[in-house]
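Pasted the sequence and its predicted model underneath.
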Amino acid sequence: MKSLYRNLAVLLLYLSASPLLHSHLFTHAASTSPPATRPRIIYMTGLDYEDEEYLNNHNHSTEVVHSVKNTFLHQAPQLCQYDPCLENQEPCDQISAKTGCLCPGVSGADEPPHAPRIQVLLLISKGDNIGKIEVQWCAPSSVVSGYRVVIQGSEALEFGNVSRRGLVGSLEVGTMVCVEAVNSVGYSTPSDFSCKRYDSPKSSDHKLLAGVIGGGVALLLLLIITAVILWKHQMRKKAKRDSADGLGNPSYSTEGTL
């Protein structure tokens with residue numbers, strides 16, 4: 001019985017002392033353990049720093065991209081300084097490779113070239129080639145290895161791919177002349193702008209002579225007309241004067257002298 005009372009007394013003592021022990025243990029654990037929010041604060045601080053650095057880098061790269069984009073948009077495309085009618089010049093694709101300029105669209109080497117454009121049939125009036133005809137043309141937008149000048153009723157004449165003119169013999173008025181472009185596939189098809197009919201040009205001396213003759217004829221006609229008008233005017237004045245003299249003389253009559 002005494003043993004039972006002793007156990008009850010110990011149990012009550014333990015129960016009365018357990019809140020203080022629990023509070024002491026909780027306080028000790030709270031003081032010795034790190035705050036639960038400390039790792040979160042450190043993590044958020046690091047995240048803020050990293051986010052700021054990332055945003056700075058991102059904004060910088062965005063500015064660079066916008067700068068490049070604006071530069072590209074505001075920079076007009078530059079065309080190559082290439083004249084298809086100029087002889088012995090560097091091909092446009094080589095100029096583009098050096099400067100980065102843009103060339104006009106060109107048909108490939110696996111298809112026949114487009115027809116060149118004939119400019120003029122010029123009669124040579126001076127020098128060793130006087131009397132011959134110079135044919136001038138412009139290159140097409142195609143891969144070309146050479147040109148042919150085809151004359152009606154004659155054999156075709158061949159020229160290099162950098163040529164834009166060629167001499168042919170004397171031509172009769174009305175002769176048809178065509179220029180063809182050539183590559184490894186074939187020839188260009190003749191068209192209205194690649195063929196031209198030869199017309200005999202009139203020299204400036206002939207034009208000047210015709211002008212002088214025309215002016216002389218016009219002046220001569222004007223002088224003749226003026227002379228006729230003056231002669232008629234003089235004849236009228238003489239007739240009036242003769243008529244006035246006859247009326248003032250009493251002895252004058254149309255039947256004779258009294």
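Right, received. Where do you want to start?

now this protein, which segments are flagged as low pLDDT?
Applying pLDDT under 70 to the chain flags residues 1-77, 202-208, 244-258.

mind listing the helices for it?
For the chain, the helices defined by DSSP state H cover 2-32, 38-74, 92-99, 204-248.

okay, now the domains of the chain?
Domain ranges of the chain: 38-75, 92-197, per automatic domain parsing.

So which of those domains is the most surrounded?
Most buried of the domains of the chain, by mean neighbour count (mean count of other Cβ atoms under 10 Å): domain 92-197, with a mean of 16. For the C-beta atoms, the positions are set from N, CA and C on the backbone; glycine is no exception.

Between the two ends of it, how far is it?
End-to-end distance for domain 92-197, by Cα to Cα, to the nearest Å: 31 Å.

repeat for stretch 156-170
End-to-end distance of stretch 156-170 (Cα to Cα): 15 Å.

hmm, who's touching stretch 164-180?
85-87, 115-116, 118, 121, 124, 129, 131-139, 147-154, 156-157, 159, 187-188, 190, 194-200 (Cβ atoms under 8 Å, 6 or more residues apart in numbering).

re the thing from before, could you redo the domains of the chain as CSV and give each row distance to Ile225?
Shown next, in CSV, are those (distance: least, Cβ to Cβ, whole Å):
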stretch, distance to Ile225
domain 38-75, 72
domain 92-197, 39
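
wait, which of the ones you listed is closest to Gln81?
domain 92-197 (7.0 Å; Cβ to Cβ).

on that earlier part again, Gly215: which of the domains of the chain is closest?
Closest approach to Gly215 among the domains of the chain is made by domain 92-197 (24.8 Å; Cβ to Cβ).

Leu79 bridge partners, please.
Bridge pairing for Leu79 (DSSP bridges) gives the partners Leu102.

Next, work out how far apart it and Arg117 are.
As judged by Cβ to Cβ, to the nearest Å, Leu79 and Arg117 stand 19 Å apart.

same question, Glu155
Separation of Glu155 from Arg117 (Cβ to Cβ): 23 Å.

same thing with Leu209?
From Leu209 to Arg117 the distance is 35 Å (Cβ to Cβ).

Over to Cys195?
Taken as Cβ to Cβ, the span from Cys195 to Arg117 is 10 Å.

before we move on, what about Gly131?
Gly131 is 26 Å from Arg117, by Cβ to Cβ.

for Lys237, same thing?
Separation of Lys237 from Arg117 (Cβ to Cβ): 70 Å.
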